[in-house]
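**Q** Sequence and predicted structure are below.
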Amino acid sequence: MRFMVMVKADSRSEAGVMPSRQDLEAMGKFNEELIKAGIMKDAAGLQPSSKGARVSFAGGAPTVTDGPFAETKELIAGYWVWEVKSRQEAIEWAKKIPFKQLPSQGVPGVEIRQFFELEDFADVPPQVAEQERNFKR
């Protein structure tokens, strides 16, 4: 099972405040544990929303809105992609995250969301199934 673990943004991450050397060392140590356990498939920090954009499709036509975006609580500062045996295993790993190093004005936290897998869909066209198999992992 694959899960995305999303780190919530805060006003510091949105201001582009970079992690300290200590922060990077602590997160690096945690990431090394994930790698050694064979769990981490991907991870990254994200630039502030001021460097991003949103594309919406009201009425079918694309509309681009440049950042920054006001609702910090709805933004993501970074993520991990983990492959684990269960939701509970993902939660147990999340409990080990060195929260002191996460964006944390307010209450620091992460959101854990499971990916859909090809087998979750009942009627997948063969060309889509092949595309998925060739693209992933």
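**A** Structure's in. What do you need?
**Q** Run through who's touching the longest helix belonging to the chain.
**A** When the chain is parsed with DSSP state H, its longest helix is helix 21-36. Applying Cβ atoms under 8 Å, 6 or more residues apart in numbering, the contact partners of helix 21-36 are 19, 40, 43, 80, 82, 93, 96-98, 100-101. From N, CA and C alone the C-beta is placed, and that goes for glycine too.
**Q** Closest one to residue 73 out of these, please.
**A** Of all the contacts of helix 21-36, residue 97 has the smallest distance to residue 73: 18.5 Å, by Cβ to Cβ.
**Q** Give the burial count for that closest one, as a bare number.
**A** 19 (other Cβ atoms under 10 Å).
**Q** Return the residues in contact with the residue nearest in space to the middle of the chain.
**A** Geometric centre of the chain, nearest residue: residue 79, 2.6 Å, by Cα atoms, centre = their mean. Applying Cβ under 8 Å, 6+ apart, we find residue 79 in contact with 4-7, 42-44, 46.
**Q** Return the set of buried residues in stretch 57-73.
**A** 69, 72 (16 or more other Cβ atoms under 10 Å).
**Q** before we move on, the earlier item: which one of the contacts of residue 79 is nearest residue 53?
**A** residue 46 (13.1 Å).
**Q** about what we covered before: tell me if I am right that the residue nearest to the centre of the chain is in a strand.
**A** Yes: judged by DSSP: H, G, I helix; E, B strand; the rest coil, residue 79 forms part of a strand.
**Q** what sits opposite it in the beta ladder?
**A** Going by DSSP bridges, residue 79 is paired in beta bridges with residue 6, residue 44.
**Q** quick one: it and residue 8, what's the gap?
**A** From residue 79 over to residue 8 the distance is 11 Å, taken as Cβ to Cβ, to the nearest Å.
**Q** and residue 65, what helix or strand is that in?
**A** Element membership of residue 65, judged by DSSP states H and E, is strand 63-66.
**Q** Pull up the pairing partners for that strand, direction included.
**A** Here, using DSSP bridges, strand 63-66 pairs with strand 53-56 (antiparallel).
**Q** The strand it pairs with: how far from the chain's middle?
**A** Computed by Cα atoms, centre = their mean, to the nearest Å, the separation of strand 53-56 from the middle of its chain amounts to 18 Å.
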